[in-house]
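>>> Can you look at this prediction? I've put the sequence above it.
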Amino acid sequence: MNTVPSVKTDVFIVGAGAAGLYASLHLPQPTEILVCDKGKKRSGSSPWAQGGVAAALGPDDSPDLHVQDTLRVAAGHADVSAVQVLCYEAPECIMELAELGCDFDRNPDGTLHLAREGGQSVSRSAHHEDSTGAAIMATLRQHASKRVKRIEGACLRLDVVDGRCVGGWVLTEEGVVRVQANSTVLATGGIGAIFNSTTNPAGATGDGIVLAWEAGAGLADLEFVQFHPTALAAGLGHQRVLVTEALRGAGAHVVDADGRRFLFDHHSDGEMAPRDVVARAISSRKGAWLDCRHLDPGIWQKEFPTVYSGCVRHGIDPVRDLIPVAPAAHYFVGGIQTDLDGRTTIPRLYAIGECSNTGVHGANRLAGNSLAEALVFGRRAARAIAGQRTGKPKEPMGDVDLEPVEIDADDSWVRLRDLCTNAMGIERDPTNLRSLPAALEDLARLPITDDRSVLELRSAAILARLMARAALLRTESRGVHHRIDHGEPVPEWAGVRLRLALTDLP
Ligand code: SIN
């Protein structure tokens, strides 16, 4: 007999970042909402976002220009409808956030101050200093706390009955809880933690993407991982301090060991070139530095206090010193395949934000478009859920068995990160891509257990194998996917999106 405690809710949101919380605010009263988050120690990337949220709000900007920039950076691979939705709806979301109290920086005349980031042809990123994600999350948490109930733990599995998602199981401190829901939304963020150096927090292990895949949902574009060109190359450990692109927008130069600005050798926009170009150019050098010494020292406290304190923590004074930088895994372009309203291929299962894949970023994401995506598609999914027929809720089926696992998780994480970094870094060697699935098979076949670190390891291994498969299948270089054996884009591959489903386990 099943003794697992169970809770019922209208909407079950897995993930408490910008996408999930903004969606919760757009579900009509009196929708019951239960948000599952992994807890403080494993919180997601949203509060870490620095540079800003892109929207055509400036006098020299327009949604059409935002569309053009997004498509150009996306390297011929974006879904044009998704891009139009993003660029036309983002301004309203930003203004709504401002009305909710988000403390965006403003010009003396009261209009929003907009920063310029790579690939943007005009200044387009609304921001709060260089801690935009934290400001947005403070606003969203304040408002969402009045609307949602919370459950802390790891979502172990989704429950699909008669082809429809009816909730899932959560491992809490007190044990496993079954959540029965009319609609389930995955908003679980990215995967940066599977690489040796990342700007993401430790909890970015791809869990939601694997939950969707194990439930039978389609995944897409898994070969595209964006590396941020300028993470601080100082200190130990795999989590890196991000040195926001907005600093280059404010005039910082990228220089080599001889003090030469080399980015113009690679792209006519130099420091403002798309991220994939800058990341590859920097990684092809022996070292690269950000030179900010010519900038007004006042900008550090006023606009970039997060970067400043990150540098100082590592003994670097950016007013006087060059800042050593190197690329680090930053954003997962691929994810759970969805339509423009966050619907996955499983009825009543939605995905939004970084774990989703609408095709909006193509093969390379434009700066500032990730927070914009979280808001725009979070709101659209909430509206789609509100518009669904209610119907009779399906009774859940099945159960989750937890099995004991004896494994040294720390050692296994080191192995996994090394393999992922070698195979799926900025330059991809097919030999490493080919060998990765076998090398991670033991971790991918771990059972569901009550050790949260092992659960994350299992998700990371399953996803990494799928990513390697996709990266091997795409025999070209495009956007952030760069193969040493197929160094150029192949026209026949443009817009071809690799979709993997449950049957594709290597
Ligand atoms: C940054 O601040 O450089 C990152 C912003 C982004 O990823 O959009």
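Nice, I can see it.
>>> Quick one: classify the one residue in the stretch 51-200 of the chain that gets nearest to the ligand as helix, strand or coil.
Each residue of the stretch 51-200 of the chain has a distance to the ligand, by C-beta to the nearest ligand atom, and the smallest belongs to Gly51, at 2.5 Å. For every residue, glycine as well, the C-beta is placed using N, CA and C. Secondary structure of Gly51, reduced to three states by DSSP: H, G, I helix; E, B strand; the rest coil: coil.
>>> Got the phi and psi for it?
Comment: the main-chain dihedrals of Gly51 come out as phi -60, psi -40, following degrees, to the nearest 10.
>>> residues contacting it?
Under the criterion of C-beta atoms under 8 Å, 6 or more residues apart in numbering, the neighbours of Gly51 are Ala115, Glu117, Ser125, His127, Asp130, Thr132, Thr244, Glu245, Ala246, Ala367, Gly368.
>>> The last one: neighbour count?
This points to Gly368. The burial count assigned to Gly368 is 32, neighbours taken as other C-beta atoms under 10 Å.
>>> what sits opposite the residue nearest to it when sequence neighbours are not counted in the beta ladder?
Across the structure, with C-beta to C-beta, 6 or more residues apart in numbering as the measure, the residue nearest Gly368 apart from its sequence neighbours is Ala54 (2.9 Å). When bridges are assigned using DSSP bridges, the partners listed for Ala54 are Ser125.
>>> Now do Ala54, the pLDDT please.
Per-residue confidence (pLDDT) for Ala54: 98.
>>> how many neighbours does it have?
Applying other C-beta under 10 Å, we find 31 other residues in the vicinity of Ala54.
>>> Could you measure from it over to Ser125?
Distance of Ala54 to Ser125, computed by C-beta to C-beta, to the nearest Å: 5 Å.
>>> Tell me which residues of the lengthiest helix in the chain come out buried.
Ranked by residue count under DSSP state H, the longest helix found in the chain is helix 452-473. In terms of neighbour count (16 or more other C-beta atoms under 10 Å), helix 452-473 has its buried residues at 452-472.
>>> by contact count, what packs against that helix?
Helices and strands touching helix 452-473, as assessed by 3 or more C-beta pairs under 8 Å, 6 or more residues apart in numbering; DSSP states H and E, comprise strand 154-161, helix 207-215, helix 409-424, helix 430-439, helix 441-444, strand 499-500.
>>> From the contact counts, what lies against the fourth one?
Contact partners of helix 430-439 among helices and strands, from 3+ C-beta pairs under 8 Å, 6+ apart: helix 409-424, helix 452-473.
>>> any residues in contact with both of Ala54 and Ser125?
Taking C-beta under 8 Å, 6+ apart as the contact criterion, the residues that touch both Ala54 and Ser125 are Glu117, Ala367, Gly368.
>>> Now the second one. Nearest residue, chain neighbours left out?
The spatially closest residue to Ala367, leaving aside those adjacent along the chain, is Glu117, at 3.4 Å (C-beta to C-beta, 6+ apart).
>>> State the helix or strand in which the one you found lies.
With elements taken from DSSP states H and E, nothing contains Glu117; it lies in neither a helix nor a strand.
>>> Can you list the buried residues in stretch 69-88?
For stretch 69-88, the neighbour count (16+ other C-beta under 10 Å) marks 69-75, 77-79, 82-88 as buried.
>>> That one: end-to-end distance?
With C-alpha to C-alpha, to the nearest Å as the measure, stretch 69-88 spans 13 Å from end to end.
>>> what's the answer for stretch 437-453, then?
Calculated as C-alpha to C-alpha, the first-to-last residue distance of stretch 437-453 is 20 Å.
>>> Mind listing what's buried along it?
Going by neighbour count (16+ other C-beta under 10 Å), the buried part of stretch 437-453 is Pro437, Ala439, Leu440, Leu443, Ala444, Leu446, Ile448, Thr449, Asp451, Arg452, Ser453.
>>> From the rest of the structure, what touches that stretch?
By C-beta under 8 Å, 6+ apart, the list of residues contacting stretch 437-453 from outside reads 38, 42, 154, 156-157, 171, 400-405, 407, 409, 412-413, 415-416, 419, 454-455, 457-458, 460-462, 464-465, 468-469, 506.
>>> For the one residue in the stretch 401-506 of the chain that gets nearest to the ligand, which residues are in contact?
Proximity of the stretch 401-506 of the chain to the ligand (C-beta to the nearest ligand atom) peaks at Val480, 12.5 Å away. By C-beta under 8 Å, 6+ apart, Val480 lies in contact with Phe224, Val225, Gln226, Phe227, Arg275, Asp276, Ala279, Val333, Ala363, Asn364.
>>> nearest residue to the fifth one other than its sequence neighbours?
Once flanking residues are discounted, Arg275 sits nearest to Gly118: 5.3 Å by C-beta to C-beta, 6+ apart.
>>> ditto for the first one
In this structure, Phe224 finds its nearest non-sequential neighbour in Val333, 3.6 Å apart by C-beta to C-beta, 6+ apart.
>>> what's the distance between the one you found and Gly39?
Counting by C-beta to C-beta, the gap from Val333 to Gly39 is 27 Å.
>>> closest to Pro305 out of the helices and strands packed on helix 430-439?
In terms of C-beta to C-beta, the element of the helices and strands packed on helix 430-439 nearest to Pro305 is helix 409-424, at 30.1 Å.
>>> Flag every residue of this structure that's near the ligand.
Remark: the part of the chain in contact with the ligand comprises Gln50, Gly51, Glu117, Thr244, Glu245, Ala246, Tyr331, Ala367, Gly368, Ser370, using C-beta under 6 Å from any ligand atom.
>>> wait, doesn't the last one sit right on Tyr331?
Yes - taking contact to mean C-beta atoms under 8 Å, the distance of 5.9 Å between Ser370 and Tyr331 places them in contact.
>>> which residue ranges form the helices in the stretch 151-300 of the chain?
207-215, 245-249, 275-283, 298-302 (DSSP state H, counting those that start in this stretch).
>>> got JSON lines for those, with mean neighbour count and mean pLDDT too?
Rendered in JSON lines, the data for the helices of the stretch 151-300 of the chain read as follows (neighbours: other C-beta atoms under 10 Å; pLDDT from 0 to 100):
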{"stretch": "helix 207-215", "mean neighbour count": "25", "mean pLDDT": "96"}
{"stretch": "helix 245-249", "mean neighbour count": "26", "mean pLDDT": "94"}
{"stretch": "helix 275-283", "mean neighbour count": "23", "mean pLDDT": "95"}
{"stretch": "helix 298-302", "mean neighbour count": "14", "mean pLDDT": "95"}
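>>> So for Val325, which of those helices sits nearest?
Checking those against Val325 by C-beta to C-beta gives helix 275-283 as the closest, at 6.8 Å.
>>> List of residues touching the closest one?
Residues external to helix 275-283 that are found in contact with it (C-beta under 8 Å, 6+ apart): 73, 75, 118-119, 226-230, 245, 254, 262-263, 265-267, 271, 288, 325-327, 364-365, 367, 426-427, 479-480, 482.
>>> quick one, which of Val333 and Gly39 is more surrounded?
It is Val333, of Val333 and Gly39, that has more neighbours when counted by other C-beta under 10 Å, with 27 against 14.
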